[in-house]
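Engineer: Quick one, fold the following:
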Amino acid sequence: MSDFNDPVDSVRRVKIEEIEANDYNPNHVSNNKMRLLYQSIKDDGYTMPVVCFFDDKRKKYIIVDGFHRYLIMRTHKDIYDRNHGYLPISIINKPLQERMASTIRHNVARGEHDVELTAKMIKKWRELGCDNEFLTKKVGMSAEEIMRLSLSSGLPELFAGQEFSKSWSVG
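Structural biologist: Modelled structure (predicted):
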């Protein structure tokens, strides 16, 4: 075993009032993704700590990564109350230029979803009896997105038993 300790080895809970956003993060999250993040934290809890740096001069923890997870607790009383106002954080101790680089790496490294694999997941959810309402609420997909992914994957069985418009008939 090495002598190196990862920041995640020492996750701690800190009162949210002792935490502040940094002033350099260029990341923006859409309202739709914020709703999904809220749903994720509501259903699963905080599964990843917010990465912070402790500023000795200000006596505050400054966010390096996880601003939107922090924002969910700041703006949703149910999450704040459930966690008694404490946010799980891990701490890195690096100079500003390194923290800024960490912020960008965290933002960029999150990746994107593969369309084909997402379509396969929709098929599996359908097999498990999940409907569009489930996918919209729990996964943040729109009905149009579900339909598009289903059509692009060539999965006609996804539409078996679905209700369709009676706007025309075959005659």
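
Engineer: So the residue nearest in space to the middle of the chain versus Met48, what's the distance?
Structural biologist: Nearest to the geometric centre of the chain sits Leu37, at 4.3 Å (CA atoms, centre = their mean). Going from Leu37 to Met48 by CB to CB, to the nearest Å gives 11 Å. C-beta coordinates here come from the backbone N, C-alpha and C atoms, glycine included.

Engineer: again, but for His76
Structural biologist: Counting by CB to CB - His76 and Met48 are separated by 17 Å.

Engineer: Can you show me the CA trace of stretch 96-113 as PDB?
Structural biologist: Extracted in PDB, the C-alpha atoms of stretch 96-113 (Å, rounded to 0.1, in the frame of the first residue of the first chain):
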ATOM      1  CA  LEU A  96      -5.000  28.600  -7.000                       C
ATOM      2  CA  GLN A  97      -3.700  27.800 -10.500                       C
ATOM      3  CA  GLU A  98      -3.800  24.100  -9.700                       C
ATOM      4  CA  ARG A  99      -7.300  24.400  -8.200                       C
ATOM      5  CA  MET A 100      -8.400  26.100 -11.400                       C
ATOM      6  CA  ALA A 101      -6.900  23.300 -13.500                       C
ATOM      7  CA  SER A 102      -8.700  20.800 -11.200                       C
ATOM      8  CA  THR A 103     -12.000  22.500 -11.800                       C
ATOM      9  CA  ILE A 104     -11.700  22.400 -15.500                       C
ATOM     10  CA  ARG A 105     -10.500  18.700 -15.500                       C
ATOM     11  CA  HIS A 106     -13.500  17.700 -13.300                       C
ATOM     12  CA  ASN A 107     -15.900  19.600 -15.700                       C
ATOM     13  CA  VAL A 108     -14.400  18.100 -18.900                       C
ATOM     14  CA  ALA A 109     -13.900  14.600 -17.600                       C
ATOM     15  CA  ARG A 110     -17.600  13.900 -17.000                       C
ATOM     16  CA  GLY A 111     -18.100  12.500 -20.500                       C
ATOM     17  CA  GLU A 112     -21.100  12.200 -22.600                       C
ATOM     18  CA  HIS A 113     -23.700   9.400 -23.100                       C
END
